[in-house]
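Novice: Below is the structure, and that's it, no one-letter string:
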């Protein structure tokens, strides 16, 4: 049986939201979109998205409302003060694909339910290339019935959707995943810098680690040095696929969650500090893998992670 054609209100048509909305149009759905940036809205209309005059106007006829916004305050603001919950028809399914704090996701879910709506948090992994190619992974939190209804739409925008549990579970999975990624990228970058100092070529280290126990996504897909993986951002002077400020944001959310849950998360907290510094400086407009540069020149040192003493003489190495 073919999945029904839906009318979708889509709020947030930026680097991620724009391609996601376009893929829903390609799948045959009617998409009514809104973004505060006129240029982004104009680009979306070129892919078949119908432009609405406001966020509230985009949802009045919608079966499903999808939001892709920068932070929890934007989601909560639009749900309440922006009038989305008041403008939508009772029973509308709200799917928030933003990456936000777990507590904000649960608050948004409760607000939607209190207004007579249904809700799912469904953040994504895969970056802009995944959004454009419809190969994103969705991590969903909410009831099984809501996930089942949203799944065909998620399939139009990605290649995998995982139901992670109740409200906020999707956000929890996202920040845990990205904590792994952030720590992994730092470890891979440090290994390449160490290899350089020891006389190893980038290719030799890659050829060993990519088929040995050091194998990971940060190495084989987003390799932080140019050469071994031609499609990695390192070969484009670190033009972002996944921008460093977004990694800093996600690691900040993970750090907050770790503190709230009383989890030590030593490496996660150190990675959050390193990426916060990198994103505020040289990495402001670079891919997150560009942190290898600051590790190479010695400017990246998280508190509590200073270089160890040289065992030969007790001086800093």
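Specialist: That came through fine. Since the model is a prediction, treat every value here as computed from it, not as a measurement.
Novice: can you tell me the helix or strand for residue 246?
Specialist: Following DSSP states H and E, one finds residue 246 within helix 244-260.
Novice: what does the helix or strand that that helix is followed by contact?
Specialist: The helix or strand immediately downstream of helix 244-260 is helix 266-280, counting by DSSP H and E. Here helix 266-280 makes contact (C-beta atoms under 8 Å, 6 or more residues apart in numbering) with 179, 182-183, 186, 244-245, 247-248, 251-252, 254-255, 258, 283, 288, 290-291, 294, 300, 302-305. Using the backbone N, CA and C atoms, a C-beta is placed for each residue, glycine as well.
Novice: Stretch 11-24 too?
Specialist: With C-beta under 8 Å, 6+ apart as the test, stretch 11-24 has contacts from 8, 10, 31, 33-35, 37, 40-41, 43-44, 47-49, 55, 58-59, 65-69, 78, 84, 97-98, 124, 127-128, 131-132, 134, 136, 153, 156-157.
Novice: Would you mind listing which of those are buried?
Specialist: Buried by 16 or more other C-beta atoms under 10 Å: 8, 10, 31, 33-35, 40-41, 43-44, 47, 49, 55, 58-59, 65-69, 78, 84, 97-98, 124, 127-128, 131-132, 134, 136, 153, 156-157, out of these.
Novice: Keep only those of these that are in strands.
Specialist: Using DSSP state E, the subset of these located in strands is 8, 10, 31, 33, 34, 65, 66, 67, 124, 136.
Novice: distance of the first one from residue 249?
Specialist: Relative to residue 249, residue 8 is positioned 26 Å away (C-beta to C-beta, to the nearest Å).
Novice: Also the fifth one?
Specialist: As defined by C-beta to C-beta, residue 34 lies at a distance of 23 Å from residue 249.
Novice: again, but for the last one
Specialist: Look at residue 136 and residue 249: by C-beta to C-beta, they are 18 Å apart.
Novice: what's the span of stretch 122-132, first residue to last?
Specialist: By C-alpha to C-alpha, to the nearest Å, the extent of stretch 122-132 from end to end equals 17 Å.
Novice: An error on my part: the question was meant for stretch 116-127.
Specialist: One end of stretch 116-127 sits 32 Å from the other (C-alpha to C-alpha).
Novice: Could you give the separation of it from the chain centroid?
Specialist: Counting by C-alpha atoms, centre = their mean, to the nearest Å, stretch 116-127 is centred 12 Å from the centre of its parent chain.
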